[in-house]
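In: below is the sequence, then the predicted model.
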Amino acid sequence: MEYTIRNAKESDMDQVLELIKELAEFEKEPDAVEVTVEDLKKDGFGTNPLFHCFVAEIGNAIVGMALVYPRYSTWKGKTIHLEDLIVKEVMRGTGLGSALFDRVIKYGYDKKVRRIEWQVLDWNDPAIRFYEKNGAKVLRDWNTVQLDESGIRNFLSL
């Protein structure tokens, strides 16, 4: 199957949001997506973009995406975070995920980052095997810590 990997355009964000929602379903969090198409357009394509997105396209249909953003490590310096790499379920196993992953790695290399990091759910064995097969280390002794919007407001009201 012939596909193209390219930089996302603002006009792709409708289809990108659909992929995000598909991932949320897969990760058993169907109601967790709060971001809108307008948010994605404003945040990714304004004067100071907060992220960079790649899409995989067949014809006019976007069947995969990878979204990254810059971070900074006090130990390593410049890094990027891979927020999501999503491939439509019907396209899994076609090499599309590998092609998107490869594009992210090349992007990080071109940006001269010292690390590319991301998270994977501990029960997502196919993704863990994919990442380890591609040379990534899954750090099982680290926990993700988050303070959500409600927690931020509660903290500030103390």
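Out: Yep, that arrived. Keep in mind that what you see is a predicted model, and the values were worked out from it rather than measured.

In: what segments of this structure are helices?
Out: 13-26, 37-45, 96-110, 125-133, 149-156 (DSSP state H).

In: and the angle for the second one with helix 13-26?
Out: Orientation note: helix 37-45 sits at an angle of 110 degrees relative to helix 13-26 (axes from the mean of the first three to the mean of the last three Cα atoms, to 10 degrees).

In: buried sites along helix 37-45?
Out: For helix 37-45, burial by neighbour count (16 or more other Cβ atoms under 10 Å) applies to L40, K41, G44, F45. Where you see a C-beta, it was placed from the backbone N, CA and C, and this is true even at glycine.

In: longest strand in this protein, please.
Out: strand 61-73 (DSSP state E).

In: name every strand pairing with it and say which way it goes.
Out: strand 52-58 (antiparallel), strand 77-87 (antiparallel) (DSSP bridges).

In: who touches the first one?
Out: Outside strand 52-58, the residues within contact range by Cβ atoms under 8 Å, 6 or more residues apart in numbering are 1-8, 12, 15-16, 44, 62-69, 87, 91, 96, 99-100, 103-104, 107.

In: give me the buried subset of the residues you listed.
Out: The buried subset of those (16+ other Cβ under 10 Å) comprises 3, 5, 8, 12, 15-16, 44, 62-68, 87, 91, 96, 99-100, 103-104, 107.

In: quick one: E38 from D102, how far?
Out: Taking Cβ to Cβ, to the nearest Å as the measure, E38 falls 31 Å from D102.

In: and I86, by the same measure?
Out: Look at I86 and D102: by Cβ to Cβ, they are 15 Å apart.

In: more neighbours: the two, which one.
Out: I86 (26 against 14; other Cβ atoms under 10 Å).

In: that one reaches E25, doesn't it?
Out: No - the criterion here is Cβ atoms under 8 Å, and I86 misses it with E25 at 11.1 Å.

In: check what pLDDT A24 gets.
Out: We have a pLDDT of 96 for A24.

In: let me know how buried it is, in neighbour terms.
Out: A24 is flanked by 16 other residues according to other Cβ under 10 Å.
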